[in-house]
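[1] Have a look; sequence and predicted model below, questions after that.
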Amino acid sequence: MALRHLRTVRVVVSLLLFLPVLFMFIDLTGILPAWWIGALTAPEFIPGVVRLFSGIGAGVAALLFVTGLTLTFGRVYCSTICPLGTLQDFFSRLNRRRNSRRRFRFRRQNYLLHYGLLGITAVLGVGGSFFLLNIIEPFSNFGRMCGTLLRPLAILLNNGIASLLDAGHVYLLFSAPLRVPSPESVVLACVFAGGLIAASYMRGRLFCNTLCPAGALLGLISRISIFRIVFDRAACKDCGLCEKVCKAECIDSGSMRVDFSACVSCFNCIDACPTAGLRYRAFRRAASDRSSPPFNRRRRTILRGGMGAALMVLPGRDTLKAVLPAPTGKSRSKLPISPPGSGGIERFTSRCTACHLCVSACPTQVLSPSLLAYGPGGFLQPRMDYSVSPCTYDCVLCGEVCPSGAILPLAPEAKKLVQIGKARFVKDDCIVITKKTECGACSEHCPTKAVHMVKTDGLFLPEVNDDICIGCGSCEHPCPSTPNKAIYVESNPVHLIARKPETKKAEPQAAPAADFPF
Amino acid sequence: MDRRSFVKQTLGATLLAGTVAASARFPRLFAGVPSLPFDLVAVKGGEPDAMFDVAIGALGGMTAFVRKGQKVVIKPNIGWDVTPERGGNTNPKLVSRIVRHCLDAGAKEVYVFDHTCDDWRRSYKNSGIEAAAKDAGATVAPGHTEGYYHSVTVTGGKVLKEAHVHELILESDVYINVPVLKHHSSTQLTAGMKNQMGEVWDRGYWHRNDLHQCIADFAGYRKADLTVIDAYLMMKQNGPRGVSLDDVVPLRTQIVTTDVVAADAAAAKLFGVNPDDISYIKIAAAAKIGRKDLENLNIKRISL
């Protein structure tokens, strides 16, 4: 294969990977089966690294694959697998000024910023605070932009068409519940999107080489990768075209050097070179085509210091633990409720990269994005919001799609026993007490009958059996009491295992004297 | 075309369209009241579909209720994300057979829907009703968003003066209510009238404002042309959702009638409670929405 085709291959592969991932986040009806989503997200690098902390075997293979890929070919990950990378290329292409495709020039990468940020992010992350990681992680930002900005538009479009079809009783499309994202999350997504558009419009892959933690980690690996882009000094006519088309700004055509740690293997340079002056081949360390990065001694010292500091902070992780804020909004629960499979608040907040894939996948939308519900350390991580819907008893989708291991997959039978909270009954707010009429909406919907009705003063009043309550919110959601729900779920900061509901075998009906009792 | 014939044709078309529209909006103005051989038919000892064949036969066949070209809506209980053997939803075989009878009687369209309690897509699927109804030739319609529900005045309602009712209930010529008989934690019993709660959008209002009275009020607003109570499997405890198979007992019984109050009274007796102990039955009978005095009704009892 001629080297010229490498760029075409890269573009095709990136689109083939990008479009399904984009669809995954705006899939309104759950067309994509969970195993598809699992396959699509498995190679995402940072979620994969986070997943290691949960010791998930299957995930390690994907991580090794990406590492091996980078060791062999350089950061092709950044040009093909990473959806945010492809998105930046798209924005970069929008720059249609004259000669805009040739607008770049070599700049020394800001390693201090990039690796300093990586170090701080890692220290905070290991310490249990995902605040910084969730702001800069590429897959999560891609997911949040899709979920916050694109998905509502897709829902509007879908519902518009659905209502037209509905009018003719053609039920091909179903209107999806439109959840208007909170102003804060829209602002955050817009700020990130705006910054990303501006950066890629002007400077190509600036984000990937200054902020992105995956870019930083893979850049470390690609320093020693087998295949690299190198100058063929004999063939190069020193026209500088390669440098002008390099969106990673890592080609110094003057000194014929490529900073391969910053190279995202887009192959634009090879495509642009009129004289085959650039090669992509197994790297031999020869004096003539040395491509060692400009990584000086002083910076190394600083980095080492940073890593050392990180290691010293590790034992003191409690100092970094998020302080949970006072309850806000409609829920009466003092703490946010984390989804089943997450183990509890502390485990969840130290595993979730806030990509909101679970939010997109959740059929009832009970999983809702939060801002600071878990405190700064759990920035943007989703929580259960029973004002929207209860958690479906037999549904385990969130655990099946979670790419970072924050929500572990659960078998339906196991999930039905995971107690994420406990129902709390506030008698004085209950309709049966305040209006002296029957209600029982809470007990009706309870899948375990932890909430059951007991005859009290001639009327049936709810009562909660904590042992078999799983905190699914089936009681809280339909409670018609206003302004305060008379029954709500109080979060279990650490999830517990509920007792399996036991039912007595119902007695068959006594045979009536005649065939019918009437 | 000259001006006169244009005006004539336009007027004619408008009148025709108006008539069609009016007949669509007020189908019951044009429907005759069937005179039936029995007030209520009760069948026991067979499969849900076979029992329905016998019951509807005793009432003169589905043609007594459905005329050629009419639009039919069937409202089963699809409230819960449980499988058929759990008895939480109407038996899919029964729904399928009713659809077939309607189509055989010449119905133009048969719709099946419910405003579910659990996630609607899971409930439609796992109840087996979606597949069964579609296979039989019905159109399975959603009821999960407010857009399908239109505000109506509940004439004669004591507490429930206004409700948002599913458009298929409002615009269909024939409405068949197909509940499943179950224990119910708040009202003690759910069958015909309680099942109609799945035709409205805001159920919270009912719960907030005297549930029993609202159930009776709504039963008076829209009487089903036919009520078929599925008591093939009966959830005897932990209703209306049920916790396990332990909650279900086999009863292999079915009640078919045009009087939903009589249906619920008979259902109460099957369940083993006195109809007078169920408030909404008492209220509805007192409001003359139907009759609970089974002893004075012409009942056909069939054992298979």
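    Done, it's in. Residues are numbered from 1 along each chain as shown, chains lettered A, B, ... in the order given.
[2] Please give me every residue in contact with the closest residue to chain A within the stretch 151-300 of chain B.
    Taking CB to the nearest CB, chain A has its nearest neighbour within the stretch 151-300 of chain B at B:Ser186, 2.6 Å off. Backbone N, C-alpha and C define where each C-beta goes, glycine included. Neighbouring residues of B:Ser186 by CB atoms under 8 Å, 6 or more residues apart in numbering or on different chains: A:438-441, A:443-444, A:453, A:460, B:207, B:211.
[3] So which of those residues sit within helices?
    Using DSSP state H, A:441, A:443-444, B:207, B:211 are the members of the contacts of B:Ser186 that sit in helices.
[4] Least confident secondary structure element in the chain?
    In the absence of a named chain, chain A is used. In chain A, no helix or strand scores lower on mean pLDDT, DSSP states H and E than helix A:297-313, which sits at a mean of 51.
[5] Sorry, I should have been clearer: chain B.
    Per mean pLDDT, DSSP H and E, helix B:27-30 ranks last in chain B, at a mean of 45.
[6] so does whichever helix or strand comes after that one get close to chain A?
    The element immediately downstream of helix B:27-30 (helix or strand, assigned by DSSP states H and E) is strand B:40-44. Yes. Applying CB under 8 Å from any CB of the partner chain, one finds strand B:40-44 touching chain A at B:42, B:44.
[7] can I get the CA coordinates of the next helix or strand after strand B:40-44 in CSV?
    Following strand B:40-44 in sequence order, the next helix or strand is helix B:48-58 (DSSP H and E). Output of helix B:48-58 as CSV, limited to C-alpha atoms (Å, rounded to 0.1, in the frame of the first residue of the first chain):
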residue,chain,number,x,y,z
PRO,B,48,-58.9,-17.6,28.2
ASP,B,49,-59.5,-17.6,24.4
ALA,B,50,-61.9,-20.6,24.5
MET,B,51,-63.9,-19.1,27.4
PHE,B,52,-64.3,-15.8,25.4
ASP,B,53,-65.5,-17.7,22.3
VAL,B,54,-68.3,-19.2,24.4
ALA,B,55,-69.2,-16.0,26.3
ILE,B,56,-69.4,-13.8,23.3
GLY,B,57,-71.4,-16.5,21.5
ALA,B,58,-73.9,-16.5,24.4
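[8] Helix B:48-58 - what's its average pLDDT?
    The average pLDDT for helix B:48-58 rounds to 98.
[9] Report whether it contacts chain A.
    No. Helix B:48-58 lies out of reach of chain A by CB under 8 Å from any CB, never closer than 12.9 Å.
[10] now the angle from that helix to strand B:40-44?
    Orientation of helix B:48-58 against strand B:40-44 (axes from the mean of the first three to the mean of the last three CA atoms, to 10 degrees) gives an angle of 150 degrees.
[11] outside of the next helix or strand after helix B:48-58, which residues touch it?
    With elements assigned by DSSP H and E, the helix or strand that comes after helix B:48-58 is strand B:71-76. Residues from elsewhere that reach strand B:71-76, judged by CB under 8 Å, 6+ apart: B:27, B:66, B:89-90, B:94-95, B:98-99, B:102, B:107-114, B:129, B:133, B:138, B:168-169, B:171-180, B:195-196, B:198-199, B:224, B:230.
[12] Just the ones of the residues you listed in strands?
    Taking DSSP state E as the definition of strands, the contacts of strand B:71-76 contribute B:109-112, B:174-178, B:180, B:230.
[13] how's chain A carved up into domains?
    Listed domain ranges for chain A are A:5-282, A:345-497 (source: automatic domain parsing).
[14] Tell me which residue of chain A lies closest to chain B.
    Nearest residue of chain A to chain B, counting by CB to the nearest CB: A:Gly440, 2.6 Å away.
[15] Could you tell me which residues of the stretch 51-200 of chain B lie near chain A?
    Residues of the stretch 51-200 of chain B lying near chain A by CB under 8 Å from any CB: B:81, B:109, B:111, B:117-119, B:121-122, B:126, B:139-142, B:144-145, B:147-148, B:184-187.
[16] So how do I select the buried members of those residues in ChimeraX?
    Buried residues within those, by 16 or more other CB atoms under 10 Å in any protein chain shown, are selected in ChimeraX with:
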select /B:81,109,111,117,118,119,121,122,126,139,140,141,142,144,145,148,184,185,186,187
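[17] So which of the residues of the stretch 51-200 of chain B next to chain A sit within helices?
    Per DSSP H, the subset of these in helices is B:121-122, B:126.
[18] Save those residues as CSV, and put in pLDDT too.
    Listed next are those as CSV, based on pLDDT from 0 to 100:
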residue, pLDDT
B:Arg121, 94
B:Arg122, 95
B:Asn126, 97
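[19] Provide the backbone phi and psi angles at B:Val165.
    B:Val165 adopts backbone torsions of phi -110, psi 140, taken as degrees, to the nearest 10.
[20] which residues touch stretch A:64-73?
    With CB under 8 Å, 6+ apart as the contact definition, stretch A:64-73 has outside contacts at A:43, A:45, A:48, A:76-77, A:81, A:218, A:221-222, A:224-227, A:265.
[21] Give the buried residues for that stretch.
    The neighbour-count check on stretch A:64-73 (16+ other CB under 10 Å) flags A:66-67, A:69-71, A:73 as buried.
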